[in-house]
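A.B. asks: Let me see the structure of the following:
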Amino acid sequence: MTFERPTVDPSLFPLNQKTVFLNHGSFGCCPLAVLEHQQELRMQLERQPVKFYQREFEPLLDLSREVLGKFIGANRDDLVYVTNATAGVNTVLRSLSFEPGDELLVSNHEYNACRNAINYAADRCGATVVTIEIPFPLKSEKEVLDSIMSKVTDKTRLLLIDHVTSQTGLVLPVREIIESLSERGIDTLVDGAHSPGMIPLEIDKLGAAYYTGNCHKWLCAPKTAGFLHVREDKQSAIRPLIISHGANSTRSDRSKFQIEFGWMGTRDPTAALSVPFVIDYLDKQVSGGWAKIMELNRQLAISARKLILQTLDTSPPSPDSMVGSLASIPLPDSRLKKPYQSLKYLDYWQAPLLEKYNIEVPVITWPNHPKRIVRISAQLYNSLPQFKLLADALKDLRDEANRT
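C.D. replies: So this is what the prediction gives:
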């Protein structure tokens, strides 16, 4: 499979065409047509705000949950919208009760914001956060499962785990993880920030107690469209971060879970309401729809990773089977004595990559200084020649460093 040209016309997205944008994974990018649809919804709201919020909003939200539920394999009644996956993780952790001595598991690959959230939840009640050291590079999914199970004890109460790791771009075997922990009576909170639109999902079949994800990343929805899925038997304990009118509602036409999360004060809900449109819109841009989009993006990521590895003469840090639309490649160690500090860049190579080569891509300190990785994203508007530019730029930076 070749990728000499982008799968779709890049002008469908509002990206600056002068920049080689290889960082869709951080914040996504919303197609222009979707932004126009969102603006129409905003105008519908502003033309008659009372009518919109009191009479139109809930049916529109129900429809959006229905469409999203079908896309991710989830019952809409178990699904609510939150602003993003970080909010979803916080919602669950702030709702649950733990006791002193309880152990909460999290991997060393966990997104920093969510790691902070689980630390906060544990500190409030005297529980202990246990870090699972998942190796990277690694050779198989079995190493992931073995690493997790080696930390499980009779004090373990919850596992917070990425479906797709943010820094390292690994697709983890969450089905096997959830099943193994369920056999021990332990719940799993899946941080699926990158999953929707990147990999096929059947959330109901996964069986996790809690699953949260973003629609603004690989689904390309507007920002602040995230979701939280809570298994029916767990919903009574989960309360929204914002307690509002639903807390004492006497309605009986829907669950308390839906009533509380359905209204959390006046806000702009148009990002969540735009999800059905973006799912349909992108499905029509590629022959074969979303299944083909996910396949093409994954194959481009694998091809791009191979190209960069060959250019840098580096071994693959994981099998292709663990790659989605993200991939991370180890780089030479930092030459700095201390971790790099900057408000603009994550690493000192990012400045020349952007300012000299016009390439936007994250270079990340991971797992600890001086170790570094570069993380690439493959989206419909990207093409293999763009990754060739990155590979050559990284080789130039490495060779220049070796000469000094």
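A.B. asks: Just the element for the residue nearest to residue 115 when sequence neighbours are not counted, please.
C.D. replies: Counting by Cβ to Cβ, 6 or more residues apart in numbering, the nearest residue to residue 115 once its immediate chain neighbours are dropped is residue 106, at 6.1 Å. C-beta: built from backbone N, CA, C; applies to glycine. In this structure, residue 106 sits in strand 103-107 according to DSSP states H and E.
A.B. asks: Neighbouring strands of that strand in the sheet, and parallel or not?
C.D. replies: Here strand 103-107 has these sheet partners by DSSP bridges: strand 128-132 (parallel), strand 156-162 (parallel).
A.B. asks: CA-only coordinates of the last one in CSV, if you can.
C.D. replies: Same thing as strand 156-162. What follows is strand 156-162, C-alpha atoms only, in CSV (Å, rounded to 0.1, in the frame of the first residue of the first chain):
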residue,chain,number,x,y,z
THR,A,156,-6.1,-3.8,44.5
ARG,A,157,-9.4,-1.9,43.9
LEU,A,158,-9.1,-0.3,40.5
LEU,A,159,-6.9,-0.2,37.4
LEU,A,160,-6.6,3.0,35.3
ILE,A,161,-5.2,2.0,31.9
ASP,A,162,-4.9,3.6,28.5
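A.B. asks: residues making contact with whatever helix or strand comes next after that strand?
C.D. replies: Going down the chain from strand 156-162, the next helix or strand is helix 174-182, by DSSP H and E. Outside helix 174-182, the residues that touch it by Cβ atoms under 8 Å, 6 or more residues apart in numbering are 141, 144-145, 148-149, 152, 159, 161, 163, 187-188, 190, 205-208.
A.B. asks: Mind doing that once more with 10 Å?
C.D. replies: 105, 141-142, 144-145, 148-149, 152, 156, 158-159, 161-164, 173, 186-188, 190-192, 195, 202, 205-209, 211 (Cβ atoms under 10 Å, 6 or more residues apart in numbering).
A.B. asks: Out of those residues, which sit inside helices?
C.D. replies: Members of the contacts of helix 174-182 lying in helices (criterion: DSSP state H): 141-142, 144-145, 148-149, 205-206.
A.B. asks: Mind listing what's buried along the helix or strand where residue 329 lies?
C.D. replies: Under the criterion of DSSP H and E, residue 329 resides in strand 326-331. Residues of strand 326-331 classed as buried under the neighbour-count rule (16 or more other Cβ atoms under 10 Å) are 326-331.
A.B. asks: same question, stretch 131-147
C.D. replies: Those would be 132, 134, 136, 138, 141, 144-145, 147, for stretch 131-147 by 16+ other Cβ under 10 Å.
A.B. asks: chain center to it: distance?
C.D. replies: Centre-to-centre, stretch 131-147 and its host chain are 20 Å apart (Cα atoms, centre = their mean, to the nearest Å).
A.B. asks: what about it, average pLDDT?
C.D. replies: Mean pLDDT, stretch 131-147: 97.
A.B. asks: That one: end-to-end distance?
C.D. replies: Chord length of stretch 131-147, first to last residue, is 10 Å (Cα to Cα, to the nearest Å).
A.B. asks: Look up which helix or strand residue 51 falls in, please.
C.D. replies: Assessed by DSSP H and E, residue 51 sits inside helix 49-51.
A.B. asks: so after that helix, what's the next helix or strand?
C.D. replies: Going down the chain from helix 49-51, the next helix or strand is helix 57-72, by DSSP H and E.
A.B. asks: could you pull out the strands for the protein?
C.D. replies: 20-21, 79-82, 103-107, 128-132, 156-162, 187-192, 210-214, 226-230, 326-331, 359-360, 363-365, 372-377 (DSSP state E).
A.B. asks: just to revisit the earlier point, ChimeraX command for the buried members of the contacts of helix 174-182?
C.D. replies: Here is the ChimeraX command that selects the buried residues among these (16+ other Cβ under 10 Å):
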select :105,141,144,145,148,152,156,158,159,161,162,163,164,173,186,187,188,190,191,192,195,206,208,209,211
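A.B. asks: ok, back up a step: taking their axis directions, the strand holding residue 329 and strand 372-377 sit at what angle?
C.D. replies: 150 degrees (axes from the mean of the first three to the mean of the last three Cα atoms, to 10 degrees).
A.B. asks: Check the model's average confidence along strand 326-331 for me.
C.D. replies: 98.
A.B. asks: export it as CSV, just CAs?
C.D. replies: Extracted in CSV, the C-alpha atoms of strand 326-331 (Å, rounded to 0.1, in the frame of the first residue of the first chain):
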residue,chain,number,x,y,z
LEU,A,326,0.1,6.9,16.5
ALA,A,327,3.7,5.6,16.6
SER,A,328,6.6,6.6,18.8
ILE,A,329,10.3,6.1,17.9
PRO,A,330,13.2,6.3,20.3
LEU,A,331,15.7,9.1,19.6
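A.B. asks: can you count the residues close to residue 210?
C.D. replies: The criterion is other Cβ atoms under 10 Å. On that basis, residue 210 has 24 neighbouring residues.
A.B. asks: Who are the contact partners of it?
C.D. replies: Contacts of residue 210 by Cβ under 10 Å, 6+ apart are 88-89, 91-93, 95-96, 158, 160, 187-191, 228-231, 234, 238.
A.B. asks: show me where pLDDT drops low in the protein?
C.D. replies: Scanning the chain with the threshold set as pLDDT under 70 gives 1-3.
A.B. asks: domain ranges for it?
C.D. replies: Listed domain ranges for the chain are 10-22+288-403, 33-280 (source: automatic domain parsing).
A.B. asks: among the strands paired with strand 103-107, which is nearest residue 61?
C.D. replies: strand 156-162 (27.3 Å; Cβ to Cβ).
A.B. asks: relative to strand 210-214, how tilted is the closest one?
C.D. replies: Going by the same axes, to 10 degrees, strand 156-162 makes 20 degrees with strand 210-214.
A.B. asks: On the strand side of things, show who residue 187 bridges to.
C.D. replies: If you apply DSSP bridges, the partners that residue 187 bridges to are residue 158.
A.B. asks: these two touch, right, it and residue 209?
C.D. replies: Yes: between residue 187 and residue 209 there is a contact under Cβ atoms under 10 Å: 3.9 Å.
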